[in-house]
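*Asks:* one predicted model, sequence on top.
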Amino acid sequence: MTHSPLIERYGLIGDMQTSAHVCDDGSIDWLCLPRFDSEAVFTALLGEREHGSWRLAPATTFEDGQAAATRHYVGDSAVLRTVWTTRSGTVQVTDFMPPRDGAPQVIRIVEGVSGEVRMRSLWRPRMGYGRISPWIHTVDGRTVAEAGADALWLDTTAEQEVEDGAVVSTFMVAAGQSVAFALSWAPSHSTPPRIPNPEAALAATYAFWAAWTGQCAYAGPYREAVVRSLVTLKAMIYEPTGGIVAAPTTSLPEEIGGARNWDYRATWLRDASTTLAALLGAGYREEAVAWRRWLLRAVGGDPENLQILYGIGGQRDLPERVLGWLPGYEGSAPVRVGNGAATQLQLDVYGEMIETLYLAHQAGVARCADTALLHQRLVRQLAACWQEPDEGIWEVRGPRRHFVHSKVMAWAAVDRTIRLAEEGVLDVDLFELMELREAIHREVCKKGFDQGRGTFTQSYGSTELDAALLLIPRVGFLPPDDPRVTGTIDAIQRELTSPDGLVWRYGTDGERAGVDGLAGDEGAFVLCTFWMVDALALAGRLEEAQRLFEHVLSLRSDLGLLAEEYDPKAGRQLGNFPQAFSHMGLVESALLLDRLTAERESRAVHALPPGPVPVQQRHAALALSSRI
């Protein structure tokens, strides 16, 4: 059996260039250095402790587990604090990664609270995703682990011994005392990194997060959950380029013991675009400007060969390979790095990208001539290819299909382009685009709707459903009270929803390969459940939407984190963790519920006649207001 604590037992710390997963037993079991997409130096998350980990906890927990721990993030920051209560006293460990000013660092500060506690640090780095045991030695009194191009420096005042390829420290901490550990990365050929000042680094980290979260414009009833999600999203932005990872992990399974294990440490155009939409809705602008620059570098010179994902630095070559020496989380193999979906055609990404550019304009982000030129080329490319089948939003590995969601998002791309042109910020042929918008709309309503069942379907001519159809009212393709929309909501609730309201992406077939070309099942998809929240709220079923939203909030970890999926039968999180999609969905649903609640209360105060906003007015305004 592999070392596999529940996914939700991990907390995330990060420096906007990489991140670490800290388990509630005091072990860092995942850390890639120096970037999100670098090889891991602690890989126990996908195998055994021997694949690399760093455990810092009361010594008794190593021996018999006799200690009680509680943990929390300190304020609205990414600083994680674990408080241990033992028979002899209480101690707290503060884990964080300071925003980078030089070498990447992981700092762990142990402080005595009461009594006296014997602590133990077991530092076992393994480079190359757990495959390579480094050379551990001392240089000028400092401990360093070197392998190939990488060097890890461990600085502490505690005494250290090397035992079986690990560095061990055992020490006492009494009330009022503190001992700090600092891990720094540097190229093995370069000069050693400077010795960190842990207390100064902690103060700088607090100051950074206080300044950033202070910009949040949301003040609604779910502010705690929204801010925690925003901090999590910010921690997944690669600051040097503005690229956003879909998640900071690879191969956490969508089914325990299954093969649906993927590397998410790259920038998907879709995920990044929707994440930026959430940040814009909460009042953040700088991230949108940085992402726009990333987009220009990654795509600008060759939009005719658009990829659906790129590396965080904009790189195109992301070959998928298997790490055969790792057993995988709870034996869920294979463990993959890289992602073969980079070569797929997914028409919906045009819609998500252009929607984000539109929202950025609405939020006051200054016009960019280079971006406008890229936008024009993207629309021309979309006009030439929108009638082709594609792999769709879920990156199926079966045959291409005419996915309805892909066509709807192609419509959204054209629609937002027309709106920008009408506002005078984009020079395009309006008549031609209006004809294209109408043609897409007409085809989707004709070929993507099942008249007999009263619902849109996953693809033209199919009988399958797809939770992505819940976005039809959100993007303004049809009004939310259109019978075709309400019929689709009802069908998805009947066929793709668990008894407690969680939504699956689409049907799977167990041991047989399903529509996605893969065997196996998966958990309910967290983002899809938030889409159901939005669809219900827009359809006027606001109380039902709020109940479902609050149910999803109850499924978060004790630290407020969400993975990609949730298993309603086993009552546990599944998939890569934390997931940008999930936290983006939480933020957008909270913003939408807040707006719709305020609108309803305003109507009541002013004694307006009951009933929904007129269809024509809402259809025209929906996309403008639903995300911001």
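*Replies:* On my side now, so go ahead.
*Asks:* contacts only, for L527.
*Replies:* By C-beta atoms under 8 Å, 6 or more residues apart in numbering, L527 lies in contact with E564, Q579, F581, S582, M584, G585. Using the backbone N, CA and C atoms, a C-beta is placed for each residue, glycine as well.
*Asks:* next, give phi and psi for the third one.
*Replies:* When quoted as degrees, to the nearest 10, the phi and psi of F581 stand at phi -50, psi -50.
*Asks:* excluding chain neighbours, what is closest to it?
*Replies:* Nearest residue to F581, sequence neighbours excluded (C-beta to C-beta, 6 or more residues apart in numbering): L527, at 4.4 Å.
*Asks:* and R194, how many neighbours?
*Replies:* 12 (other C-beta atoms under 10 Å).
*Asks:* wouldn't it be in contact with D101 here?
*Replies:* No. Using C-beta atoms under 8 Å, R194 makes no contact with D101, being 10.1 Å away.
*Asks:* between the contacts of L527, which sits nearest R401?
*Replies:* F581 (21.7 Å; C-beta to C-beta).
*Asks:* surely that closest one meets A246?
*Replies:* Yes. Applying C-beta under 8 Å as the test, F581 and A246 come out as touching, 6.9 Å apart.
*Asks:* give me the common contacts of these two.
*Replies:* Joint contacts of F581 and A246 (C-beta under 8 Å, 6+ apart) are D271.
*Asks:* need the three-state assignment for F181.
*Replies:* strand (DSSP: H, G, I helix; E, B strand; the rest coil).
*Asks:* which positions are bridged to it in the beta structure?
*Replies:* Counting by DSSP bridges, F181 forms beta bridges with R108, T156.
*Asks:* likewise for H21?
*Replies:* Here H21, judged by DSSP bridges, has bridge partners L12, W30.
*Asks:* so what's it up against?
*Replies:* Counting by C-beta under 8 Å, 6+ apart, H21 has contacts Y10, G11, L12, I28, D29, W30, L31, L45, P248, T249, F577.
*Asks:* just to revisit the earlier point, and the two most separated of the contacts of L527?
*Replies:* E564 and M584 (11.8 Å).
*Asks:* what sits against the spatially closest residue to V444 that is not a sequence neighbour?
*Replies:* Sequence neighbours aside, K407 is the residue nearest to V444 in space, at 4.8 Å (criterion: C-beta to C-beta, 6+ apart). For K407, the contact set (C-beta under 8 Å, 6+ apart) comprises L347, W386, I440, E443, V444, G448.
*Asks:* burial of A421, as a residue count?
*Replies:* 18.
*Asks:* where does pLDDT dip in the stretch 251-400 of the chain?
*Replies:* Along the stretch 251-400 of the chain, no part satisfies pLDDT under 70.
*Asks:* swap in 90 and give it another go.
*Replies:* Counting by pLDDT under 90, the stretch 251-400 of the chain has low-confidence residues at 269-277, 288-308, 316, 340-346, 353, 356-357, 359-374, 394-399.
*Asks:* quick one: the helices in it?
*Replies:* Using DSSP state H, counting those that start in this stretch, the helices assigned to the stretch 251-400 of the chain run over residues 269-281, 286-299, 348-362, 369-385.
*Asks:* turn those helices into JSON lines, columns for mean neighbour count and distance to G424.
*Replies:* Formatted as JSON lines, the helices of the stretch 251-400 of the chain follow (neighbours: other C-beta atoms under 10 Å; distance: least, C-beta to C-beta, whole Å):
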{"stretch": "helix 269-281", "mean neighbour count": "25", "distance to G424": "21"}
{"stretch": "helix 286-299", "mean neighbour count": "20", "distance to G424": "19"}
{"stretch": "helix 348-362", "mean neighbour count": "24", "distance to G424": "11"}
{"stretch": "helix 369-385", "mean neighbour count": "17", "distance to G424": "11"}
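*Asks:* V322 is nearest to which of the ones you listed?
*Replies:* So among the helices of the stretch 251-400 of the chain, helix 269-281 is nearest, using C-beta to C-beta, at 23.3 Å.
*Asks:* show me what that closest one is packed up against.
*Replies:* Packing partners of helix 269-281 (3 or more C-beta pairs under 8 Å, 6 or more residues apart in numbering; DSSP states H and E): helix 223-235, strand 243-244, helix 286-299, helix 348-362, helix 580-605.
*Asks:* if we can go back for a sec, measure the residue nearest to F581 to A539 for me?
*Replies:* 19 Å (C-beta to C-beta, to the nearest Å).
*Asks:* circling back: save the contacts of H21 as JSON lines, and put in neighbour count, distance to A266 and pLDDT too.
*Replies:* Shown next, in JSON lines, are the contacts of H21 (neighbours: other C-beta atoms under 10 Å; distance: C-beta to C-beta, whole Å; pLDDT from 0 to 100):
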{"residue": "Y10", "neighbour count": "26", "distance to A266": "21", "pLDDT": "97"}
{"residue": "G11", "neighbour count": "25", "distance to A266": "23", "pLDDT": "98"}
{"residue": "L12", "neighbour count": "24", "distance to A266": "18", "pLDDT": "98"}
{"residue": "I28", "neighbour count": "26", "distance to A266": "23", "pLDDT": "98"}
{"residue": "D29", "neighbour count": "27", "distance to A266": "21", "pLDDT": "98"}
{"residue": "W30", "neighbour count": "26", "distance to A266": "16", "pLDDT": "98"}
{"residue": "L31", "neighbour count": "28", "distance to A266": "18", "pLDDT": "98"}
{"residue": "L45", "neighbour count": "31", "distance to A266": "18", "pLDDT": "98"}
{"residue": "P248", "neighbour count": "26", "distance to A266": "11", "pLDDT": "98"}
{"residue": "T249", "neighbour count": "30", "distance to A266": "12", "pLDDT": "98"}
{"residue": "F577", "neighbour count": "25", "distance to A266": "16", "pLDDT": "98"}
